[in-house]
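*Asks:* the sequence isn't on hand, but the structure is:
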Ligand SMILES: [Zn+2]
């Protein structure tokens with residue numbers, strides 16, 4: 001199942017289990033030392049249940 005999670009991340013899907021929404025946030029989870037790509041719903045869940053250290057937004061706009 002770890003491979004599936006990686007593939008979902010590469011393809012731009014939320015990496016939460018069983019969720020196929022488009023990933024919108026890259027959330028670093030220090031306790032398990034990984035970055036997860038998550039949709040807004042699941043990103044919000046993690047934000048609500050943990051202390052955030054940093055959030056990196058994906059580039060959706062090309063800055064000149
Ligand atoms: Zn999700």
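*Replies:* Cool, the structure landed. The structure presented is a predicted model; accordingly, all values stated were derived computationally and were not measured.

*Asks:* show me the helices in the chain, by range?
*Replies:* All helices of the chain, identified by DSSP state H, fall at 2-11, 40-49.

*Asks:* touching the ion at all, the first one?
*Replies:* No - contact of helix 2-11 with the ion (CB under 5 Å from the ion) is absent, the minimum separation being 9.7 Å. Any C-beta I mention is one placed from the backbone N, CA and C, and that applies to glycine too.

*Asks:* return the residues in contact with the residue lying closest to residue 5 once chain neighbours are set aside.
*Replies:* Distance criterion CB to CB, 6 or more residues apart in numbering; nearest residue to residue 5, sequence neighbours excluded, is residue 15 at 5.1 Å. Taking CB atoms under 8 Å, 6 or more residues apart in numbering, we find residue 15 in contact with 5, 8-9, 23, 36-38.

*Asks:* and residue 15, what's its pLDDT?
*Replies:* pLDDT recorded at residue 15 is 92.

*Asks:* what does this protein have sitting close to the ion?
*Replies:* Within the chain, the residues that sit near the ion (CB under 5 Å from the ion) are 14, 16, 19, 21, 39, 42.

*Asks:* mind listing what the second one touches?
*Replies:* By CB under 8 Å, 6+ apart, the residues touching residue 16 are 36, 38-39, 42.

*Asks:* again, 7 Å this time
*Replies:* By CB atoms under 7 Å, 6 or more residues apart in numbering, the contact set of residue 16 is 38, 42.
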